[in-house]
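**Student:** Output the structure for:
(one chain, ligands or ions: 1)
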Amino acid sequence: MPVVPYRTVIQQHRSAIHAALTQGYQQAICTNRPHVVSLSLPIPSIDPLRLLHQSSPYERHLYLENTSQHQATVALGSLIEASAIGPSRFDRVHNFIETWCHQISCYDELAEYSPGIQFFCSFAFFDTPTHSDSPFPAASVFLPRWQITQCRQTSTLIANLLLTPLSDLEALLPDILQQLRRIESLAESPLSAYPPAPSLIQPALATQVFTQAVHRALQRICHNRLRKIVLAHALDVLASQPFNRAQLLERLRQQHPDCYVFSVGNGHGVSFIGASPERLLSIRQRRLITDALAGSSPRGDTAETDALLARQLLTSVKEQDEHQFVVDFLVRRLTELGLRPSYRTRPGLLQLSNIQHLHTPIRATVPLHTHPLHLVKALHPTPAVAGVPTDQACQQIRRFEQFDRALYAAPIGWIDHQGNSEFIVGIRSALIQANRARLYAGAGIVAGSDPERELDEIRLKLRALMEALV
Ligand SMILES: C=C(O[C@@H]1C=C(C(=O)O)C=C[C@H]1O)C(=O)O
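**Tutor:** You can find the predicted model right below:
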């Protein structure tokens, strides 16, 4: 099949694109403020991971893919950005987005599919860093220079351009054409094989630290100071050579097709990657879905043991309690914001390749003036990753865990200019820098939890990540 010359499409519409840029330029002059023009352009069907593979680890990025939903996006480079710390971090990101939404125009007439203007965000678990060398800010938002979104077989390139009264309009178009040339050559060239995976110099899991923390947490639960706490463990591994980010993500999406595969790069060589089954929220045309996901069991080796483990999970009082804390919290927080959540009273099962969870999807309609970040702020951290009561659980997490959670178990996602949004919870994840990886896994502790069984759950979750590393 001949390759459609996408550049020719752009060349043919050169004057329309030029007109869109001129309008943006005039806006910048009239308002005396910078103005962004967001161009959505058709490109050959291309896997966004290939573009990430070609990009430098020193270029900021956010990649998010859900194979089963046939949706993938990579956002590369930062055109405009902001970061924030402290309790007002969500509001500050919201203000940044609101301000810029008045200074952006979107030209999407050439694209078959356009996701609109998307701001990409990552938040750390805590609003103030627990460690001074934390690789990611407590809150971070950026509008990318380049973005590729693939929806089924349709790919779209988004070029965001910043216009100021000093901009040289004639210099912008060649830049876009050069990027299109790069993408076309990627689409035409055969997928180059990834280099062999590095071998790991794997340290033993320092299990006592975790089990001791579980014992101490159980004492607090026994004395009614806490009802649930999610304790995590971090495993540092060193490889013989640098990890290949795209290769890890490729393995994760093959091994976990039902999860959201993600990568967030800080632009300084550090990436936070993972395959998370947990959606904090998804909003499309004001319809919201959030997942209560808590209560876990391994998958069985045979159909019979698998069914037995599933039955035990569905009928265990301890697992039900652990799950119900999350449902109650999500329903309460949504109701407080004026939403009317609907959900089934009995949880279902979310069966993943290595583990199964109790799962309750909760749906609601978002009121007109409720911004997605109001909801993210109200929902994070859920008792699936923190505990009950939230403040006490977070205080104890800071005490018991000796490592920096950074982006682990925190919201990662995007918001568009029309109130659509997608945020996942950054669990089943690892921090990657050159040949070092830090793997995270956590488990919910409630009355009746057995420290050894919780440790098995941590091992199971870590093993899934380890399989992607080697
Ligand atoms: C905290 C994690 O997972 C969470 C804890 C679960 C549990 O304890 O049963 C289940 C799903 C997640 O909400 C993790 O994987 O790190």
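**Student:** Show me the helices in this structure, by range?
**Tutor:** 6-12, 14-31, 48-54, 89-101, 169-188, 207-222, 245-255, 303-315, 317-336, 372-379, 390-400, 451-469 (DSSP state H).
**Student:** For these, please prepare JSON lines with the additional fields mean neighbour count and distance to the ligand.
**Tutor:** Placement of C-beta: from N, CA and C, glycine included. Formatted as JSON lines, those follow (neighbours: other Cβ atoms under 10 Å; distance: least, Cβ to the nearest ligand atom, whole Å):
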{"stretch": "helix 6-12", "mean neighbour count": "15", "distance to the ligand": "41"}
{"stretch": "helix 14-31", "mean neighbour count": "16", "distance to the ligand": "43"}
{"stretch": "helix 48-54", "mean neighbour count": "20", "distance to the ligand": "23"}
{"stretch": "helix 89-101", "mean neighbour count": "18", "distance to the ligand": "21"}
{"stretch": "helix 169-188", "mean neighbour count": "15", "distance to the ligand": "34"}
{"stretch": "helix 207-222", "mean neighbour count": "17", "distance to the ligand": "12"}
{"stretch": "helix 245-255", "mean neighbour count": "20", "distance to the ligand": "14"}
{"stretch": "helix 303-315", "mean neighbour count": "13", "distance to the ligand": "9"}
{"stretch": "helix 317-336", "mean neighbour count": "19", "distance to the ligand": "6"}
{"stretch": "helix 372-379", "mean neighbour count": "21", "distance to the ligand": "13"}
{"stretch": "helix 390-400", "mean neighbour count": "17", "distance to the ligand": "11"}
{"stretch": "helix 451-469", "mean neighbour count": "18", "distance to the ligand": "5"}
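**Student:** could those be laid out in CSV, adding mean pLDDT?
**Tutor:** Formatted as CSV, those follow (pLDDT from 0 to 100):
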stretch, mean pLDDT
helix 6-12, 72
helix 14-31, 92
helix 48-54, 90
helix 89-101, 97
helix 169-188, 83
helix 207-222, 93
helix 245-255, 93
helix 303-315, 97
helix 317-336, 97
helix 372-379, 98
helix 390-400, 96
helix 451-469, 93
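**Student:** As JSON lines, those with distance to T149 would be great.
**Tutor:** Supplementary listing: these in JSON lines, determined by distance: least, Cβ to Cβ, whole Å:
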{"stretch": "helix 6-12", "distance to T149": "15"}
{"stretch": "helix 14-31", "distance to T149": "19"}
{"stretch": "helix 48-54", "distance to T149": "7"}
{"stretch": "helix 89-101", "distance to T149": "18"}
{"stretch": "helix 169-188", "distance to T149": "13"}
{"stretch": "helix 207-222", "distance to T149": "39"}
{"stretch": "helix 245-255", "distance to T149": "16"}
{"stretch": "helix 303-315", "distance to T149": "36"}
{"stretch": "helix 317-336", "distance to T149": "28"}
{"stretch": "helix 372-379", "distance to T149": "18"}
{"stretch": "helix 390-400", "distance to T149": "34"}
{"stretch": "helix 451-469", "distance to T149": "24"}
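**Student:** so which of those helices gets nearest V425?
**Tutor:** Relative to V425, the nearest member of the helices of the chain by Cβ to Cβ is helix 372-379, separated by 9.5 Å.
**Student:** hey, what's the spatially most central residue of the chain bridged with?
**Tutor:** Nearest to the mean C-alpha position of the chain, by Cα atoms, centre = their mean, lies I412 at 3.5 Å. For I412, the beta-bridge partners are S122, I424 (DSSP bridges).
**Student:** where does the residue of the stretch 101-250 of the chain found nearest the ligand land on pLDDT?
**Tutor:** Across the stretch 101-250 of the chain, no residue is closer to the ligand than V230, which sits at 5.1 Å (Cβ to the nearest ligand atom). Looking at V230, its pLDDT is 98.
**Student:** Test my guess that it contacts I397.
**Tutor:** Yes - counting by Cβ atoms under 8 Å, I397 is a contact partner of V230 at 7.4 Å.
**Student:** which residues are common contacts for those two?
**Tutor:** Each of A386, G387 lies in contact with both V230 and I397 under the rule Cβ atoms under 8 Å, 6 or more residues apart in numbering.
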